[in-house]
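**Student:** Here is my input, please return the structure:
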Amino acid sequence: MISSKIAAAVAIGSVVVAVAGAGVLDHMRTAVDVSRHAHATATGHGVEVTTRLSLRQVGRLTDVMADVTVINNGDKPVAYLGYACSNPAGVSMVSTRPDPTAPNYSASALAVRDLVMKERHSRDAIGGYFIETAKPVAGCDDSALPTLPPHRRIVHTVKTTLAIDGVSRYDAATTDVVTTLNLGVMPDPGAPPAPIEPAGTIEVRTPLEQVSSFKVDSIAKLEVTSQRFDLAMKDAALSSWVDAQDPPSWRGARLDDSYEPGATLGSDWTLIAFNRAFATPLHAAGSSVKTVSVSIPQERASQPVVTDGVIPAGAVSKSRTMIPVRDLYVGDLVLPSGKVMVGDPVWSDPMLTFSLGLSAGRYPIHVVTARSRWGGYESVAWEALTLSTSPVTHWAAAVPVGHSAGELKPGFVFSWGTDGGTGGFASPEAMRHMDASLGDAGYSNSLSGRLAEREEANDWLWGMLTVDSGNGANVFQSSTGGDGAFPVFLGLDAQNRPVVLLSDFGGLEMEYGGLR
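**Tutor:** As a prediction, this is how the structure comes out:
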């Protein structure tokens, strides 16, 4: 078995322009007192969690240091939700600024408002996640069940940057440092790896002002956001539709300044809310005095065909911590000429084009997801385009148009690159529409923006958009889990005929047999 080293033979990163909320920060330089410290402790289920906060000055940086101690005082091991060989408790910055009082809305409208305000609060705590300062213990079994042994004391030190050159990122009076330990139900002895059921949470909150006096103006705009939401809900069509939805069906919402062409910055706004029942989000736009447009979703969310995720024939996963979970058949890619492109579909130039002798037609797309052996976040492991029903017997590097296999060293494959964290499949015919749409007025009006919203509506796992109603040409997109270069493999049958075109995102550390 030859390791599939990724060659940057064709790895050109595509460019994604993301417009983020803008605000003016009135930072104040403040002297740093590194002698201050604070302790806080919480207990539950026989487990005690303590956080000791302090500041550390390293050159231009002022870091918040959190020494976290977890003690299992019981006589039995306790499972937790997380990873073995890493800090069992997570630490983050959390804004404590209160929400403005809400009117007497329906339960569904309140659910949307809560999501909007939660997103706004996060802006006052952007980047406030602590990282470990020490490497994992050598020899630790990172595939083991994450447990706290009985009568065991575990100590970790984590940190995050508080200020640079005395200019803080967080307002001390309205920020808490929150340590969270999510406990789990201990599996039965000998049970195979499966997601750990939650059993309770231990949370330690420490006001940042106990160690810092930094002051920073809020960028969350809570009052303005609340007023804008009230304006949106005064629209009869919008409010009646929102009220009719099941409150738990809302998966996310945000309300921000409008950055569309012609908008008045600071006065105009947009509201986007995602409901699990629909393939596209609710859109509303307005000014400081009224709602001017509302777009209510009509297309119902499609339900992919789900089977168990399995490692492809002839391939091996080298990951000790991750396992395949689900195989999602999400629909068919339409290839009007039989040619297929792989890469970040925001723009055609960085994508790879393959001419595999395919007939024009429809080809199934599968997304295979992965997660930790014991549960946690589900991400895309690979995306695959099925070309034939024959079984795969071996693998080869997929060779794009304009290149030859002779360019590759043994064990290397061609790859495509992204700095937008997305990848997918499309036809050259579909990408002509995507390229032309780059100049459209406003991101939400562009085909790329509409495709991204469909992906977000599916928990960032996949999205599909038809861009040409005449020939049915469409574009598929999924999340790669990060930026970088991603390899493309061709699964072949016993007669060396193409069976599957697969792009691997690296989470399962795959090796593909038959590469030369």
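
**Student:** and Thr369, how many neighbours does it have?
**Tutor:** 22 (other Cβ atoms under 10 Å). Where you see a C-beta, it was placed from the backbone N, CA and C, and this is true even at glycine.

**Student:** can you check Thr307 too?
**Tutor:** If we define neighbours as other Cβ under 10 Å, then Thr307 has 12 of them.

**Student:** cool, and Asp459?
**Tutor:** By the measure other Cβ under 10 Å, the count of residues near Asp459 is 14.

**Student:** Three-state assignment for it, please.
**Tutor:** When classified by DSSP: H, G, I helix; E, B strand; the rest coil, Asp459 comes out as coil.

**Student:** That one - nearest residue in space that isn't next to it in sequence?
**Tutor:** Once flanking residues are discounted, Asp459 sits nearest to Arg251: 7.4 Å by Cβ to Cβ, 6 or more residues apart in numbering.

**Student:** Do I have it right that the one you found meets Ala277?
**Tutor:** No - applying Cβ atoms under 8 Å as the test, Arg251 and Ala277 come out as separate, 10.0 Å apart.

**Student:** Comparing these two, which shows the higher neighbour count?
**Tutor:** Legend: neighbour count by other Cβ under 10 Å for Arg251 and Ala277, higher for Arg251 (15 against 11).

**Student:** Tell me the helix or strand right after the one helix or strand that one maps to.
**Tutor:** Per DSSP states H and E, Arg251 falls inside strand 250-257. Using DSSP H and E, the next helix or strand after strand 250-257 towards the C-terminus is strand 269-275.

**Student:** Parallel or antiparallel, list what pairs with the helix or strand following that following strand.
**Tutor:** Using DSSP H and E, the helix or strand that follows strand 269-275 in sequence is strand 282-286. Looking at strand 282-286 with DSSP bridges, its partner strands are strand 269-275 (antiparallel), strand 291-295 (antiparallel).

**Student:** among those strands, which is nearest Thr96?
**Tutor:** Evaluated with Cβ to Cβ, the strands paired with strand 282-286 place strand 269-275 nearest to Thr96, the distance being 24.8 Å.

**Student:** now that closest one, how far from the chain's geometric center?
**Tutor:** Distance of strand 269-275 from the chain centroid (Cα atoms, centre = their mean, to the nearest Å) equals 18 Å.

**Student:** which residues touch it?
**Tutor:** 112, 115-116, 228-229, 232, 242, 245, 249-258, 260, 281-287, 297, 444, 453, 456-457 (Cβ atoms under 8 Å, 6 or more residues apart in numbering).

**Student:** again with stretch 53-66
**Tutor:** 32-34, 36-39, 51-52, 67, 91, 130, 133, 157-166, 168, 177, 179, 206, 208, 210-212.

**Student:** Ends of it, what's the gap?
**Tutor:** 5 Å (Cα to Cα, to the nearest Å).

**Student:** Across the sheet, point out what pairs with the residue lying closest to Glu455 once chain neighbours are set aside.
**Tutor:** Using Cβ to Cβ, 6+ apart and skipping residues adjacent in sequence, the residue nearest Glu455 is Gly463, 3.2 Å away. Beta bridges link Gly463 to Gln477 when assigned by DSSP bridges.

**Student:** Gly463 and Asn474 touch, don't they?
**Tutor:** No - counting by Cβ under 8 Å, Gly463 sits too far from Asn474 to count as a contact (10.4 Å).

**Student:** What's the first helix or strand after the helix or strand of the chain with the lowest mean pLDDT?
**Tutor:** In the chain, no helix or strand scores lower on mean pLDDT, DSSP states H and E than strand 13-14, which sits at a mean of 31. The helix or strand immediately downstream of strand 13-14 is strand 37-44, counting by DSSP H and E.

**Student:** helix or strand right after that next one?
**Tutor:** Scanning forward in sequence from strand 37-44 by DSSP H and E, the next helix or strand is strand 47-58.

**Student:** What pairs with that following strand, parallel or antiparallel?
**Tutor:** Assessed with DSSP bridges, strand 47-58 is paired to strand 37-44 (antiparallel), strand 61-72 (antiparallel).

**Student:** Most tightly packed of the ones you listed?
**Tutor:** Most buried of the strands paired with strand 47-58 by mean neighbour count (mean count of other Cβ atoms under 10 Å) is strand 61-72; its value is a mean of 20.

**Student:** Tell me who's in contact with the residue nearest to Glu455.
**Tutor:** Gly463 touches 451-457, 476-478, counting by Cβ under 8 Å, 6+ apart.

**Student:** Are any of these buried, and if so which?
**Tutor:** By neighbour count, with 16 or more other Cβ atoms under 10 Å, those hold 451-457, 476-478 as buried.

**Student:** Now pLDDT and distance to Gly357 too, for the residues you listed, in CSV please.
**Tutor:** Converted to CSV, the buried ones among the contacts of Gly463 look like this (pLDDT from 0 to 100; distance: Cβ to Cβ, whole Å):
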residue, pLDDT, distance to Gly357
Leu451, 96, 28
Ala452, 96, 32
Glu453, 96, 35
Arg454, 97, 31
Glu455, 97, 30
Glu456, 97, 36
Ala457, 97, 35
Phe476, 98, 21
Gln477, 98, 25
Ser478, 97, 26
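
**Student:** Of those residues, just say which sits nearest to Pro428.
**Tutor:** Nearest to Pro428 among the buried ones among the contacts of Gly463 is Phe476, at 14.3 Å by Cβ to Cβ.

**Student:** Give the buried residues for stretch 254-273.
**Tutor:** Buried residues in stretch 254-273 (16+ other Cβ under 10 Å): 254-259, 263, 268-273.

**Student:** Over to stretch 315-334?
**Tutor:** For stretch 315-334, by 16+ other Cβ under 10 Å, it's 315, 317, 319, 321-328, 330-334.

**Student:** same question, stretch 158-169
**Tutor:** 158-163, 168-169.

**Student:** Of these, which pair is most distant in space?
**Tutor:** Within the buried residues of stretch 158-169, two members stand farthest from each other by Cβ to Cβ: Val158 and Ser168, at 18.7 Å.

**Student:** can you map out the helices along the stretch 51-200 of the chain?
**Tutor:** 107-122 (DSSP state H, counting those that start in this stretch).

**Student:** Ignore what I typed, I meant the stretch 201-350 of the chain.
**Tutor:** Secondary structure of the stretch 201-350 of the chain (DSSP H, counting those that start in this stretch): helices at 222-233, 236-243.

**Student:** Would you mind finding the most buried of the ones you listed?
**Tutor:** Ranked by mean neighbour count, these are led by helix 222-233 with a mean of 19 (mean count of other Cβ under 10 Å).

**Student:** so where's the stretch 401-516 of the chain shaky on pLDDT?
**Tutor:** Scanning the stretch 401-516 of the chain with the threshold set as pLDDT under 70 gives 440-444, 516.

**Student:** Good, we can wrap up now.
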